[in-house]
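Trainee: How does the following fold in three dimensions:
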Amino acid sequence: MSTESNAQDPMEFMRNMWSKMGFSLPGMVTPTLDVDELDKRIADMKAVENWLKMNLSSLQMATQGLEMQRATISAMQAMSKIAAEGGRKDGGEGAAQPNPFAAGMWPWNLMQNAAEQSAAAAAAAAAPAPTAPAKATPKDTK
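Mentor: Got it, this is the predicted structure:
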């Protein structure tokens with residue numbers, strides 16, 4: 001009958017399983033009456049809590065930084081769009097109106113052009129090379 005009562009007690013089953021592995025059941029499962037052990041566990045838990053708070057703060061700062069970066073890029077894109085459209089809304093033929101954003105937008109335009117050129121170069125490198133037509137001879141160029 002004692003084996004039947006052991007089979008019904010899940011804690012006894014766990015103790016038997018862990019003892020066969022050569023080390024005792026983890027302290028989180030077995031209660032203790034030792035005050036020093038409880039103080040150690042409390043200190044460990046507080047250390048883990050502080051570590052988690054620190055990681056949470058780091059994660060929140062990283063998220064906030066990315067949100068600020070996104071807002072800055074969106075604002076720069078909107079200003080670039082306004083600057084580009086400002087020269088087109090002239091009402092005359094080719095005469096551009098002065099644009100208040102144009103002077104300060106040169107870094108953004110430079111970065112945009114570089115990004116577009118790099119994307120075009122990557123697309124060209126990824127696309128299969130078309131077959132080249134036969135080379136022109138000096139007779140064909142006349």
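
Trainee: Verify the stated contact: residue 76 with residue 108.
Mentor: Yes: here residue 76 lies in contact with residue 108, judged by Cβ atoms under 8 Å, at a distance of 5.1 Å. Using the backbone N, CA and C atoms, a C-beta is placed for each residue, glycine as well.

Trainee: Buried residues of stretch 34-49, list them for me.
Mentor: Judged by neighbour count (16 or more other Cβ atoms under 10 Å), stretch 34-49 contains no buried residues.

Trainee: what do you get for stretch 79-88?
Mentor: 80, 83, 86.

Trainee: Please produce a markdown table containing the residues you listed, extended by distance to residue 63.
Mentor: Shown next, in a markdown table, are these (distance: Cβ to Cβ, whole Å):
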| residue | distance to residue 63 |
| --- | --- |
| 80 | 26 |
| 83 | 30 |
| 86 | 35 |
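
Trainee: Let me know the closest of these to residue 126.
Mentor: residue 80 (26.9 Å; Cβ to Cβ).

Trainee: quick one: which helix or strand includes that closest one?
Mentor: helix 35-88 (DSSP states H and E).

Trainee: Past that helix, which element shows up next along the chain?
Mentor: With elements assigned by DSSP H and E, the helix or strand that comes after helix 35-88 is helix 106-126.

Trainee: and that next one, what other elements does it pack with?
Mentor: Helices and strands touching helix 106-126, by 3 or more Cβ pairs under 8 Å, 6 or more residues apart in numbering; DSSP states H and E, are helix 35-88.

Trainee: Poorly predicted segments of the protein, please.
Mentor: Across the chain, residues meeting the criterion (pLDDT under 70) sit at 1-7, 14, 17-30, 87-104, 128-142.

Trainee: How is it partitioned into domains?
Mentor: 1-31, 32-76 (automatic domain parsing).

Trainee: Nearest to residue 119, out of those?
Mentor: Nearest to residue 119 among these is domain 32-76 (15.9 Å), distances taken as Cβ to Cβ.

Trainee: quick check: angle from the helix holding residue 80 to helix 106-126?
Mentor: Computed with axes from the mean of the first three to the mean of the last three Cα atoms, to 10 degrees, the direction of helix 35-88 lies at 100 degrees from that of helix 106-126.
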